[in-house]
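Student: fold the following for me, if possible:
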Amino acid sequence: MHVDRRQFLAGGAAALACTVPSAARGAAAATAKPQAVFQLSSQLGVVPGKELAEKLAHMQKWGFDAVELPSDVAGKVKFYQDAVAKTKLKTSAVCWGSDRGGLVSEVVERRAKTAQALKRVLAAAGELKCTGVVYAPCFHGETKLPVQEIRAVLVDLLPEIGAYAVEVGCRLVMEPLCRMETFFLRQLADAASICRDCHSPGICMMGDFYHMAHEETSCMGAFLSAGPYLHHVHMASKNRRVLPGQEPEEDGPRYLDGFRGLKYIGYRDYCSFECGVEGDKMVEIPRSMAFLRREWEQA
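Tutor: Modelled structure (predicted):
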């Protein structure tokens, strides 16, 4: 007797569903991942314009959802608040950097100073309602500590910083970098393991399509390894670090793969331009935005 395989599998799934207690099905539904959303942001340096107001006006016209702010927010909260309030934009993140590797310096006295500097920018970012403050532990040449000691220092110091971040309504967002820029923290899974060991909702991480292109075998796999710790994404092409879509042969498959990963984990934070631009920014930025939206829809 011929059995239709699709009907057989569908019937088996239906029968199995009937055997699952209703309370268990309700619990499974309650823990289901939220539906992912695509929210576009950009660092200010990417956007044309001499003044902040001009840059924000372009961003609003083109349909950006948010702006990523620079590291000087601690002394300029009202300046940025007033400027963004005149638009429909939100603030996505603050890109802070490493403070020359201060938190993981072999000079112990430097660590406390960097921790205090981080807290100041976290407080400012919290006032600006940012997703978090982007932090890279170190670039090449910024610490003499070996990898194992750097990790131990971070797991020791970050929980207290994370508690403060929660208090001020923000997060510390660690950024893995590629081997051309650092010898420490290059893959998303490694950043996720530090977040796990810190046991703090104030300590999370991000992914950058440029760095991932050089360190990860799959953008989708990298985002899956980050899971619930992922709270920001940077975007750029692989080779020239320009707008997504300006290296079409590389960018198409990579962004499709990565966006599938973001959808799978139910990602709901921002994807932000951190890149250069080849050609006329007034033309190329909207073109890149359209490319990304197509890739998201197809993912």
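
Student: so where is the chain shaky, pLDDT-wise?
Tutor: Within the chain, the stretches with pLDDT under 70 are 1-32.

Student: please name the nearest non-neighbouring residue to the residue nearest to the spatial centre of the chain.
Tutor: Centroid-nearest residue in the chain, with CA atoms, centre = their mean: His232, separated by 1.8 Å. Using CB to CB, 6 or more residues apart in numbering and skipping residues adjacent in sequence, the residue nearest His232 is Met206, 3.8 Å away. (C-beta placed from N, C-alpha, C; glycine too.)

Student: which stretches of the stretch 1-150 of the chain form strands?
Tutor: For the stretch 1-150 of the chain, strands defined by DSSP state E, counting those that start in this stretch occupy the ranges 39-43, 66-69, 90-97, 132-135.

Student: just name the most buried of those strands.
Tutor: Using mean count of other CB atoms under 10 Å, the stretch among the strands of the stretch 1-150 of the chain with the largest mean neighbour count is strand 132-135, at a mean of 28.

Student: still on that earlier bit, tell me how far the residue nearest to the centre of the chain lies from Gln39.
Tutor: Per CB to CB, to the nearest Å, His232 is found 11 Å from Gln39.

Student: what's the overlap in contacts for those two?
Tutor: Both His232 and Gln39 are contacted by Ser92, Asp269, Tyr270, under the criterion CB atoms under 8 Å, 6 or more residues apart in numbering.

Student: now for Glu181: which residues touch it?
Tutor: By CB under 8 Å, 6+ apart, the contact set of Glu181 is Phe139, His140, His211.

Student: can you list the domains in the chain?
Tutor: 1-32, 35-298 (automatic domain parsing).

Student: quickly note the distance from the residue nearest to Ala117 when sequence neighbours are not counted to Ala93.
Tutor: Using CB to CB, 6+ apart and skipping the chain neighbours, the partner closest in space to Ala117 is Asp99 (5.8 Å). With distances taken as CB to CB, Asp99 is found 17 Å from Ala93.

Student: and what of Gly63?
Tutor: Counting by CB to CB, the gap from Gly63 to Ala93 is 19 Å.

Student: try Phe184
Tutor: Distance of Phe184 to Ala93, given as CB to CB: 21 Å.

Student: please apply the same query to Leu40.
Tutor: From Leu40 across to Ala93, the span is 13 Å (CB to CB).

Student: quickly list what's touching both of the two.
Tutor: Any residue near both Leu40 and Ala93 by CB under 8 Å, 6+ apart counts here, and that gives Tyr270, Ser272.

Student: of the contacts of Glu181, closest to Glu54?
Tutor: Glu54 has its nearest neighbour among the contacts of Glu181 in His211, at 30.0 Å by CB to CB.

Student: related to what we said a few turns ago, highest average neighbour count across the domains of the chain?
Tutor: With neighbours defined as mean count of other CB under 10 Å, the domains of the chain peak in mean count at domain 35-298, which reaches a mean of 19.

Student: sorry, back to before: which SSE is the residue nearest to His232 in?
Tutor: In the assignment (DSSP states H and E), Met206 maps to strand 203-208.

Student: tell me the helices and strands packed up against whatever helix or strand comes next after that strand.
Tutor: Counting by DSSP H and E, the next helix or strand C-terminal to strand 203-208 is helix 209-215. The contact analysis (3 or more CB pairs under 8 Å, 6 or more residues apart in numbering; DSSP states H and E) places helix 209-215 against helix 219-226, strand 230-235, helix 248-264.
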